[in-house]
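>>> predicted model, plus sequence, below.
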Amino acid sequence: MWRLLVRSCSSSSSRQHKQQQQRLAAAVGSRCYTIGGTTEGGSQKKHEELQARLPPFVPKPEPVTIVHKQGMELLHDPWYNKGTAFPHSERERMGVRGLLPPRTTTLQLQEDRIMAAYKHGVVLVKPEDVATGGVTSEMARKWKVLQDLQVRSSSSSSSSTSSSSSTSTSNSNSNSSTAPAAATAAAAAAAAPAPAANRNETLFYKLLLDNFAEMAPIIYTPTVGWVCSNYHNLYRRPRGMFFSSYDKDHMAAMVYNWPQDDVHAIVVTDGSRILGLGDLGINGMGIPCGKLDLYSAAAGFHPSKVLPCVIDVGTNNAALRADPLYCGLDQPRITGPAYYELVDEFVNAVMARWPNAVLQFEDFQMAHALTLLQRYRDHHLVFNDDIQGTAAVALAGLYGALRVLGKPQEALAEQRIVCVGAGSAGMGVVRQIAAGMVKRGGLTPEAAASKFWVLDAQGLVTQYRPGLPGYVSRFARPTSCSVAEEGDGLLDVVRKVQPTVLLGLAGAGKLFTTEVLSAMGQHCERPIIFPMSNPTSKMECTSQEAISVTGGRCVFASGSPQPSVELDGKTYVAGQANNLYIFPGLALGAHIGKTKVVTDNMLMAAAEILPQLISDKDVAAGLVYPSLEDIRLLSAEIAAAVIKTAAADGHVCDEAAAAVAAGHVQLLDWVRGHMFTPTYSSLAYLPPGIKE
Ligand SMILES: NC(=O)c1ccc[n+]([C@@H]2O[C@H](COP(=O)([O-])OP(=O)(O)OC[C@H]3O[C@@H](n4cnc5c(N)ncnc54)[C@H](O)[C@@H]3O)[C@@H](O)[C@H]2O)c1
Ligand SMILES: O=C(O)C[C@H](O)C(=O)O
Ligand SMILES: [Mg+2]
């Protein structure tokens with residue numbers, strides 16, 4: 001029941017005023033009371049009658065809690081924190097705008113989320129998760145154990161080691177062993193965040209660094225795909241910054257709600273193409289988080305100086321939007337100029353506050369990915385990992401495969417390459433390999449383009465295809481080509497073209513069928529087969545399928561990790577053709593070299609150095625990439641190669657130029673000197689008011 005109090009400011013008895021009063025009274029019905037003057041013919045008596053009709057005043061002060069903290073400090077106070085239930089006006093007042101997902105929920109919905117976990121176990125991996133992500137209950141359990149350790153740095157401290165002094169590890173799952181039971185136990189643990197005392201980032205990164213090959217699949221691909229699909233159920237506390245169309249015209253100010261003045265790396269997604277899982281909206285936040293965990297573990301970016309971001313422009317995923325636990329905006333995706341205005345505002349806001357940060361674009365759908373890259377790459381330290389990081393890792397993998405086959409890099413120009421997938425990743429890869437053919441194999445750009453057959457969802461792409469974008473048309477087969485025709489399916493193309501290399505970047509699952517693999521093995525003694533789509537369930541084939549169908553003759557690497565294969569008493573290893581090899585070192589080189597832009601030459605340098613780092617033993621075993629156990633060394637070498645190339649092009653700061661001039665060993669030392677190492681240092685207490 002509400003009341004509208006209309007203050008009448010004159011005692012005019014004019015007809016106009018009377019009509020106005022009548023209209024108003026009719027509009028609000030019996031809830032209208034007139035005070036503050038006398039109505040027409042009004043009297044003290046009428047006023048008293050009116051007063052008598054009013055219910056008695058009951059003192060009922062609205063409860064207000066006085067808080068002496070704002071921003072991240074408030075969110076980390078378990079007593080005052082309301083999480084996503086902070087209404088928007090209060091987010092503004094309390095300095096937490098952008099530190100929470102945009103959709104405001106209620107205490108009841110928060111309770112429902114916890115009750116669902118309490119009763120059914122949200123961490124339990126459902127059969128459909130295994131189908132869509134290739135993630136098992138055991139992987140989810142391990143993810144939970146590591147999650148319990150990690151706390152997103154919100155401190156503005158610039159200390160070089162973690163501020164935590166706790167050495168205790170998570171105990172929530174330590175005695176869980178079998179998969180389903182363990183997942184249920186993990187679900188129960190997920191009902192509440194681990195106590196702060198159990199959180200220890202130094203320990204988290206030490207574990208990750210010491211066990212990188214074992215744990216990368218848990219904090220990154222493929223488990224991160226499952227985390228994104230279930231982000232709305234798993235959500236407990238925010239990590240990173242959330243920008244949305246609701247924040248238009250506020251971004252430049254709200255970046256100051258992030259308490260770290262010195263950010264070195266930002267990874268941003270708009271959630272529109274998360275791995276091969278499609279549009280996951282704000283749930284895509286898991287990807288920037290996973291990528292930045294790798295920035296810290298693999299390249300030594302300090303964990304308090306990295307910032308995961310999501311730009312929520314809505315989602316076209318109707319099921320997610322309808323889910324009451326979904327934390328993003330309930331609207332279809334914004335497109336067109338309004339979309340670019342929002343992303344421009346984001347880029348300007350973060351680059352104004354943190355001008356030295358590398359900005360990595362991740363998992364944007366093709367419709368926007370290339371346009372955004374071209375829009376910013378000459379102005380800021382920006383790269384698109386899916387287009388450029390993937391391109392570099394694919395070329396590196398082919399050079400690695402040539403090493404396995406005992407051939408020089410020049411032999412790249414002799415390959416016939418079929419690439420399935422003509423999106424941001426596929427076309428970036430094709431373009432980079434063609435550049436390698438020109439640089440190492442001495443081909444003209446046109447001759448290099450003639451070495452490729454590109455397929456998309458409509459089959460082989462030829463010049464017949466109307467409306468081809470420029471980045472595809474260069475690699476579309478000429479219409480005079482009689483070998484394979486427009487729209488041909490993969491099996492036909494493989495049979496007709498007899499490629500030596502088969503790349504999968506379609507995100508559409510099992511496209512490398514037994515027939516396709518067997519055709520690859522028939523015409524080619526050692527076919528190179530890279531199913532690069534992610535996560536595991538979207539890969540074009542498994543290691544088992546490729547190696548067994550080709551009788552162990554193929555040179556294999558896949559986007560998501562795959563097990564070794566036993567065949568006729570011999571073990572065949574599987575490499576991981578994933579941009580994780582490239583982006584940490586590339587970003588480190590760009591950041592510490594202060595290169596201002598990320599050039600094609602820098603990417604080529606990363607692609608060329610990686611295969612040189614494979615040990616002879618690993619080459620003999622058939623591996624096309626170096627061991628992930630040495631990831632810090634690999635990232636340092638990539639950073640050094642990137643800096644050297646940028647220096648030759650005149651793009652580095654004086655300090656980096658001096659390190660380059662000093663020689664490779666000194667440069668490597670200089671690079672390593674910038675890496676965070678997870679160790680404890682002595683803590684000193686300074687009482688408030690005492691300056692350092
Ligand atoms: N291994 C890595 O490092 C790495 C890096 C980036 C992307 N990827 C993976 O590559 C995949 C594609 O990513 P993207 O950014 O290029 O996506 P995208 O949406 O931009 O492009 C997908 C392309 O695949 C084509 N396609 C879809 N279904 C097909 C089918 N049945 N047959 C043939 N072509 C088909 C589409 O027409 C499109 O050209 C994803 O699974 C992603 O996870 C892997
Ligand atoms: O995230 C990955 O594992 C690689 C790549 O960026 C992808 O989008 O699949
Ligand atoms: Mg990606």
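Thanks, I have the structure now. Numbers count the residues shown, from 1 in each chain. Ligands and ions are numbered 1, 2, ... in the order given.
>>> contacts and neighbour counts: CA atoms only from here.
Fine.
>>> name the residues that touch the lengthiest strand in the chain?
In the chain, ranked by residue count with DSSP state E as the criterion, the top strand is strand 306-312. Identification of contacts with strand 306-312 by CA atoms under 8 Å, 6 or more residues apart in numbering yields 102, 239-245, 263-271, 281-282, 284-285, 288-289, 292, 328-329, 343.
>>> same check, this time on stretch 501-514
275-277, 415-423, 425-426, 456, 490, 527-534, 537-541, 545, 549.
>>> got the end-to-end distance for that stretch?
16 Å (CA to CA, to the nearest Å).
>>> buried sites along it?
Neighbour counts over stretch 501-514 (16 or more other CA atoms under 10 Å) mark 501-514 as buried.
>>> sticking with the residue nearest to residue 327 when sequence neighbours are not counted, tell me its helix or strand.
Distances taken as CA to CA, 6 or more residues apart in numbering place residue 103 nearest to residue 327, at 5.0 Å, with adjacent residues excluded. Assessed by DSSP states H and E, residue 103 sits outside every helix and strand.
>>> of the buried residues of stretch 501-514, list those near ligand 1.
With CA under 6 Å from any ligand atom as the criterion, these include 505, 506, 507, 508 near ligand 1.
>>> do you know how far the last one is from residue 226?
Read it as residue 508. 17 Å.
>>> which bits of this structure sit near ligand 3?
363, 386 (CA under 5 Å from the ion).
>>> outline the domain layout of the chain.
59-152+195-219, 236-380, 388-577, 583-674 (the TED database).
>>> burial measure for residue 144, as a count.
Neighbours of residue 144 under the rule other CA atoms under 10 Å: 22.
>>> so where's the stretch 501-650 of the chain shaky on pLDDT?
Filtered on pLDDT under 70, the stretch 501-650 of the chain yields no residues whatsoever.
>>> list the contacts for residue 57?
For residue 57, no contacting residues are found, by CA under 8 Å, 6+ apart.
>>> I'd like the distance between it and ligand 2.
61 Å (CA to the nearest ligand atom, to the nearest Å).
>>> and the gap between residue 479 and residue 505?
Applying CA to CA to residue 479 and residue 505 gives a distance of 24 Å.
>>> doesn't residue 530 fall inside a helix?
No. The assignment for residue 530 by DSSP: H, G, I helix; E, B strand; the rest coil gives strand, which leaves it out of any helix.
>>> that one contacts residue 557, doesn't it?
Yes. Look at residue 530 against residue 557 with CA atoms under 8 Å: they come within range, at 5.0 Å.
>>> name the residue of the protein that lies nearest to ligand 2.
Of all residues in the chain, residue 275 sits closest to ligand 2, at 4.2 Å by CA to the nearest ligand atom.
>>> thinking again about what came up before, distance to residue 685 for the domains of the chain - can I get that in CSV?
Shown next, in CSV, are those (distance: least, CA to CA, whole Å):
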stretch, distance to residue 685
domain 59-152+195-219, 18
domain 236-380, 20
domain 388-577, 43
domain 583-674, 26
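>>> need the contact list for residue 253.
residue 349 are the contacts of residue 253 under CA under 8 Å, 6+ apart.
>>> and it, what pLDDT?
Residue 253 carries a pLDDT value of 97.
>>> swap in residue 25?
45.
>>> now do residue 166
pLDDT, residue 166: 31.
>>> for the one 10 residues further on, same thing?
As predicted, residue 176 sits at a pLDDT of 31.
>>> same thing with residue 30?
Reading off the model, residue 30 has pLDDT 39.
>>> list residues touching both of residue 530 and residue 557?
In contact with both residue 530 and residue 557: residue 577, using CA under 8 Å, 6+ apart.
>>> hang on, the earlier thing: spit out the contact partners of the residue of the chain closest to ligand 2.
225, 363, 507, 533, 534, 535.
>>> same question, residue 327
Taking CA under 8 Å, 6+ apart as the test, what residue 327 contacts is 84, 101, 102, 103, 104, 105, 232, 282, 283.
>>> between those residues, which is closest to ligand 3?
Distance to ligand 3 across these (CA to the ion) is lowest for residue 283, with 14.1 Å.
>>> how about the contacts made by the residue of the stretch 451-600 of the chain found nearest ligand 3?
Nearest to ligand 3 in the stretch 451-600 of the chain, going by CA to the ion, is residue 579, at a distance of 8.0 Å. Taking CA under 8 Å, 6+ apart, we find residue 579 in contact with 385, 386, 389, 390, 392, 393.
>>> which SSE is the fifth one in?
Residue 392 belongs to helix 390-404 when elements are defined using DSSP H and E.
>>> mind checking how far the residue nearest to residue 604 when sequence neighbours are not counted is from residue 680?
Nearest residue to residue 604 in three dimensions, chain neighbours excluded: residue 392, at 6.6 Å (CA to CA, 6+ apart). Remark: distance between residue 392 and residue 680 (CA to CA) = 36 Å.
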